[in-house]
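K.L.:
Pasted the sequence and its predicted model underneath.
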Amino acid sequence: MHVLMLDGVDFKAVNDIYGHTAGDTVIQTLGRRLARWSSGRKALAARLGGDEFAVCAVIPPSAALAEITALREQLRQPIQHDGLTLRLDVSIGIARAADLPGEDMSQILRGADTAMYKVKKGEVPFPYCATRADAYAETVNGRRAGRRGTHLLAGAE
């Protein structure tokens, strides 16, 4: 199983420059594209909030990186809104359950979130798969405690 965290790059600029209806169009389009991609696979995509999405997908290891790269290219395609062509990039972090044996979904999701921010900040190139250290990162881009899947319980190691 692969867990993907996806986040729009400079999405705030879409809202600031073109307005919130343009931002809504971007979010809806990304959601439709993810749903279409997921429907042909053993996968589930969900919006977490804002321009963040998560995907859980069963993909054969030999095809996974090619499929995830193709998904990224689909998501990066221009979006039409009100006579405008909007271009949006997405950062994707990947966590493979096989790389994190014995970890629960919360840690795997945290690993994918950490991986996504490393890609987004340019610390690592895409595609990047989370390590055990990523799954146990103390903070992920300032995520507040209490957000499911992105925090550690007190005393957890």
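P.N.:
That came through, no problem.

K.L.:
which residues in the protein form strands?
P.N.:
For the chain, strands defined by DSSP state E occupy the ranges 2-9, 42-49, 52-58, 79-81, 84-86, 89-96.

K.L.:
between the ones you listed, which one is nearest to residue 69?
P.N.:
Comparison of those against residue 69 by Cβ to Cβ identifies strand 89-96 as nearest, at 8.9 Å. C-beta here means a position set from N, CA and C on the backbone, and glycine is covered the same way.

K.L.:
Can you name the residues in contact with the closest one?
P.N.:
1-10, 30, 61, 64, 68, 71-72, 75-76, 108-109, 111-120, 126-130, 134-135 (Cβ atoms under 8 Å, 6 or more residues apart in numbering).

K.L.:
Please, a PyMOL command that selects the buried ones among those residues?
P.N.:
Selection command for PyMOL covering only the buried members of the contacts of strand 89-96, criterion 16 or more other Cβ atoms under 10 Å:
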select buried, resi 2+3+4+5+6+7+8+30+64+68+71+72+75+108+109+111+112+113+114+115+116+117+118+119+120+126+127+128+129+130+134+135
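
K.L.:
Report the contact partners of residue 2.
P.N.:
Taking Cβ under 8 Å, 6+ apart as the test, what residue 2 contacts is 55, 56, 57, 58, 59, 64, 68, 94, 95, 96, 97.

K.L.:
Counting by contacts, list what the lengthiest helix in the chain packs against.
P.N.:
When the chain is parsed with DSSP state H, its longest helix is helix 20-39. Judged by 3 or more Cβ pairs under 8 Å, 6 or more residues apart in numbering; DSSP states H and E, helix 20-39 is in contact with strand 2-9, helix 11-18, strand 42-49, strand 52-58, helix 61-75, strand 79-81, strand 84-86.
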